[in-house]
Each structure stands twice: as structure tokens, then as C-alpha cells.
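In: I'll drop the sequence and a predicted model, then ask my questions.
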Amino acid sequence: MLLRTQKLGIDFGGLKAVDAVDLVIGAGAVTAIIGPNGAGKSTLFNLLNGFHKPTSGRIFFEGDDITGLPSHRIARRGISRTFQTTRLFPTASALENVLIGYRMHTRTNLWDAILRTPRARREEAECRDRAMRVLEFVGIPELAPLPVGSLPQEAQKRVAIALALVSQPKLLLLDEPAAGVNANETAALAELIRYIVSSGTTVCLVEHKMRMVMALADTIIVLNHGQKIAEGPPDQICSDPAVIEAYLGGRRDA
Amino acid sequence: MRVPTTRILWLAALLAALAFPFLTDNLYFLSIVITAFITAIAVYGLNVLVGETGQLSLAHAGFFGIGAYTAGILAVRFDLSFWLALPTAVAVTAFLGFLVGMVALRTRGDYFAIFTLGVGVVITGILDLWEGVTGGTDGLIGVPPPTRIGPLTFESLEAQYYLYLFCLALTILAVRNLSRSLVGRTLLAIRNDEHLAEAIGINVGRTKRLSFTISTSLAGFAGALYAPFLGYLGPSVSGLVMMFNMLLYLMIGGAASLAGPLVGTLLLMAATQGLLAFEEYQLLILGPLLVLSIIFAPTGIAGLVNRIGQRLSDRKTKPGPSAAPSSPSPKNRARPSHAPPHAEAGN
């Protein structure tokens, strides 16, 4: 068990976007979070990586209580994430975009920078080296020198994943990794995610593409109106009446 | 291929700057160029915060004023040597910058700009009203020129010219090293996207405070050089006209570039001098010029030159299909298709 939440909830002025969610993310597995639009999936991610402070409940990562820590501290503990929309620096090269992700493991300070001390040089070379290796890992080493804005959507998503991976996180949160790419590209990204898990990083993803989720996930957690309504392996989730009702709408007011 | 070109240009600029006092005996020109050098140091400071970190501060001239007055007061009222007054003024400005930054950086975007605008107005107000210390509206009179250091004296304008040129060169070198370092990349990451920066483990708050302090230190440094050069200080050194001039030099020269602040400051200060004969009508010329340059060169002169250089070197390397070195992809990884991104409903 890598991460665990206990009655985790957040209240946006009376609206319970996430409501008393207990979840467990097992180490080395793929956990998928699904649910209809507005179910609270992205908000849950924002809670897990510290963008939002929960109004109730606790989050434990590797047994430590990380509730309320600022997100850069949570990142340093080993939780990394990507975003639904690409937030990369379009005019900078893929390599330059990725290398800053290793910054958290370096100690170059202002004086190192201005005086170009051996430490500044060494750490910069190390960042470049790490960035290049992770671009190889995600399968796009040849795109390293190109500006990210000129790359096709799927390659940009690989760069974003590389940026999240370069710090060698223990848990990678992927927010809709396959949004806006076609079926072939989705399959290629699913393969990449499998490759990431096989190399030892635990993955938790939010995704709408059911075929991808069913093929990838070891455990699926279903959210609706901020609450967890089901949890289990894919085949069990498929036939869960509560899930079917949430997706297809049992009643008009659902 | 373009790196050496840039280096040659910088070297040529340095040689021209070194030779300048020998090419003219017009002391007025010399003093204009010195003023531009000093102002450029402050604009480099502004560039760190506005250009690289993306935080539009309008308190910069205020900190320039604090540096100038600190150095001036120390020299006039305490007879402190320039070489002690200078670091003291920088330290005072850096410390005040750090304090202001702690509060101001709690706001974002437009609110940050408005807040810092207020800080600048308050600083000018204090310089104006604290008569016992600053001399008030009458100003601070009789700031001596830089004191001698060993065999070097700075009585003549030429000697001062080389001193200020040296300070500017030092600033450019420091800023260059900074912006190319991991620290500089951290600043750019914050400008690009604060949320993403946080998510990759960057302490955005602390880094912004660092950037604010660097920026105000350079403003203080420039101010502390300005006081002994001018010999006289009035509250307008920290005023809004000064502030918007600095911002103008930065935008026209090219924000977030190494040459931008220098090019913008030199060019626009020269242009202002050239248009002096037109008196109040000079704004009629400068205004449209500004509008045109923002339309046609939004990245400033440095950006424009860079783009032209890029296009020229692209044309030269045309024969090759792509500039990317093609290294073999690892085993079964599918090459990304270059089909247009499939439009699927996001979220």
C-alpha cells in the first residue's frame, strides 16, 4: 500500500466536490479513477498532490500523514502528476522542458548560478542527462531538440509524462493521459503506461476512455457526486449495478 | 552556428564601448551614455523579475530611488566612502526588497502590479516628505563622485565612464550566468505555469521572493551608482516616469533576452535625446513608434533580430530535411504519427 486516504473530503462553499472518500493505491499496480463528468475525479487528484487542502479527512503516503502539505513538498516525497491540458513551455525544446523536472534533486543556489561553480555545472549536466534518458524511456529521444509547440499532440503528452517521470517519483498521477489523441495513439500511450508500471512506478490515472481503463487497470474506483460508489477489478466494475446507474442514469434526477 | 555570431556581436559592442570616450570629446554625449549604462543595470534587474519570472512589478523605480538615496545620504551626511556606501546601499535595498516581496508576492497578476505600483508611489512619497533625511523636494545636494581606490581616481568623466561600464559588464555577466543556470530555468518554469512548477517540486513562493530580491538588488545597485554620478538627487528618480521608462526600455529591447535591456535602453535614450528639439511633441513620435513596435515586434528588438537570424540560418541549412538528429528509437515504441490531433471532447 503506497497511498491511503481516510474519509477525504473537500467542500467548495457547501458543494462537496469530494465527500468522505476512502481509497487505497497499491504499490506497483495501476489504479484507475472513473466517473461521470463532475464526479470529483480531478478534484481528488488536486487533493492528493496538495493543490487543494482537504476540509476533512487525511492522506497517508508511505505511512506518513501528508495532509495539508504544500504541493512542492508532496512532489519531493515522490508524488508526481500530469495535467489534462498540456502546460509545457511551447517555445522551449522537449529536453529543456523535461530537465527542470529534476531540479528538485539539485542544490544549485543563486551564487552557484552567478559564479558558475562546479556544482552548478555538474548539476546542470546531470539534469540534461536525466532528461535525455527519460525521453528515451518514453520513446521520443529524437524529438529532444525540437520545440514542444511544434510536436504532435501524442508526442507532447509523452514529453509531459517524461517531465513527471524525470524526478523518479514513486507514484505517478495521470490526469486523462489519452484526452485528445486518436485510437492508435491511445493504444501506444497505454503501452507506455504499462512500461512505466513495469519499471517500478505506481500509476494512478483518471480517464474517460473505458477500453483503455479496462485493459490497464488492476483496480478501478468509481466516483459519483464526490462519493466513491464502487471499487474493484475491471470485470466486477463492469457489472456493478450502482456503476451502471451512475453512467446510464437510473432516474432523471440522477 | 549562431552562438559564435552572438559572441562576436557582444565582443564588438564591448570594443565600441571601450573606444567610445576616444571617439568623442563631447562630454554631454558621454554623460548620456553613462546614464544609459546605469539605467540599463536597473532594467536588467527588472528583466529578471518581469521578463524571466513573469511578475510585473511597478515598484522597481522605487527601489532604484532607495538605492540612490541610501548611497547619497551615506556619502553626504556620514562622509562614507563610495566603496562602502555602494555595498551598503545594495544590502539595504535587497533587504527592503525582500520584505516588500514577502507581502507583495501574496498577490498575483494584475493585483501584484497594482500593489507594487502603490509601493512605488509610497516610496516616492517618503523620499519627498522625509525632509530631514532626504532633503525633501529640494533634493539631496552635493553627492561626491566615487572616491579614489588605490591609484585609480574618478574625478574625470572618462574615468567614471569606465567605472560604470565595468559595473554594467559585471551585471550582464552575472545575469547571463543566472538565466542560463538551473536557477534561471526555475524562474522560467514559474513564468510558464506556476501550477506545473509547484507540481514538479519547485517552491514557487520562495523562488519568486528570490527573484524579487535579485531584481531589487540590481535596482539598488544602479541607484547607488546614479547618486555619485549625478551629484544631486530629487524624489523623481523613483517616480512613475522613471518606472514606465524602464518598462518601455525592457519591452522595446526585448524581455527575457540578454541583449534586450541594453539595446532598448541605449536606443530609446538616444532617441529621446534626438527628439529633444521637438520638446513636448516628442511623445507624438515616441508613442506611435511604441505602438508599431508592439504590433510588429512583440518580443522586442532582440526577439526580432533573433527571428531574422534564425530564418537566415534555416535557409543556409535548408538541404537537410530536418535539424533533428535521428537516433534509433528503442525497440517496439511506435513513432508518434504526424496526423493532426484527433479532436475528442476533453474532460
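Out: Arrived safely.

In: what's near enough to touch B:Met246?
Out: B:39, B:42-43, B:46, B:60-61, B:64 (Cβ atoms under 8 Å, 6 or more residues apart in numbering or on different chains). Placement of C-beta: from N, CA and C, glycine included.

In: top of those residues by neighbour count?
Out: For those, neighbours were counted using other Cβ atoms under 10 Å in any protein chain shown, and B:Phe64 has the most, 34 neighbours in all.

In: next one: the one helix or strand A:Ile161 maps to to chain centre, how far?
Out: Taking DSSP states H and E as the definition, one finds A:Ile161 inside helix A:153-165. Centroid displacement of helix A:153-165 relative to its chain, using Cα atoms, centre = their mean, to the nearest Å, is 11 Å.

In: now do the following helix or strand past it: which elements does it pack against?
Out: Using DSSP H and E, the helix or strand that follows helix A:153-165 towards the C-terminus is strand A:171-175. Packing partners of strand A:171-175 (3 or more Cβ pairs under 8 Å, 6 or more residues apart in numbering or on different chains; DSSP states H and E): helix A:41-48, strand A:79-81, helix A:153-165, strand A:202-206.

In: any residues touching strand A:171-175, and which ones?
Out: A:2-3, A:25, A:42, A:45, A:48-49, A:61, A:78-84, A:161, A:164-165, A:193, A:196, A:201-207.

In: helices or strands up against whichever helix or strand comes after that strand?
Out: From strand A:171-175 onward toward the C-terminus, using DSSP H and E, the following helix or strand is helix A:183-198. Under the contact criterion of 3+ Cβ pairs under 8 Å, 6+ apart, helix A:183-198 touches strand A:30-34, helix A:153-165, strand A:202-206, helix A:210-216.

In: how does it look with 7 Å?
Out: helix A:153-165, strand A:202-206, helix A:210-216 (3 or more Cβ pairs under 7 Å, 6 or more residues apart in numbering or on different chains; DSSP states H and E).

In: out of the ones you listed, nearest to chain B?
Out: helix A:153-165 (3.5 Å; Cβ to the nearest Cβ).

In: mean confidence score for that closest one?
Out: Mean per-residue pLDDT for helix A:153-165: 96.

In: what does that helix rub up against?
Out: With Cβ atoms under 7 Å, 6 or more residues apart in numbering or on different chains as the test, helix A:153-165 has contacts from A:80-82, A:86, A:88, A:94, A:97-98, A:101, A:134-135, A:138-140, A:143, A:148, A:151, A:172, A:177, A:180-181, A:185, A:188-189, A:192, A:196, B:200, B:336, B:341.

In: any chance you could map the strands in chain B?
Out: Here chain B has its strands, by DSSP state E, at B:140-141, B:232-233.

In: next, format these as TSV and append mean neighbour count, mean pLDDT and distance to chain A.
Out: Converted to TSV, the strands of chain B look like this (neighbours: other Cβ atoms under 10 Å in any protein chain shown; pLDDT from 0 to 100; distance: least, Cβ to the nearest Cβ, whole Å):
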stretch	mean neighbour count	mean pLDDT	distance to chain A
strand B:140-141	18	91	31
strand B:232-233	20	92	29
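
In: in JSON lines, list the ones you listed along with distance to B:Leu105.
Out: Formatted as JSON lines, these follow (distance: least, Cβ to Cβ, whole Å):
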{"stretch": "strand B:140-141", "distance to B:Leu105": "31"}
{"stretch": "strand B:232-233", "distance to B:Leu105": "29"}
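
In: could the helices and strands packed on helix A:183-198 be laid out in a markdown table, adding mean neighbour count and distance to A:Asp112?
Out: Formatted as a markdown table, these follow (neighbours: other Cβ atoms under 10 Å in any protein chain shown; distance: least, Cβ to Cβ, whole Å):
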| stretch | mean neighbour count | distance to A:Asp112 |
| --- | --- | --- |
| helix A:153-165 | 25 | 23 |
| strand A:202-206 | 24 | 34 |
| helix A:210-216 | 17 | 42 |
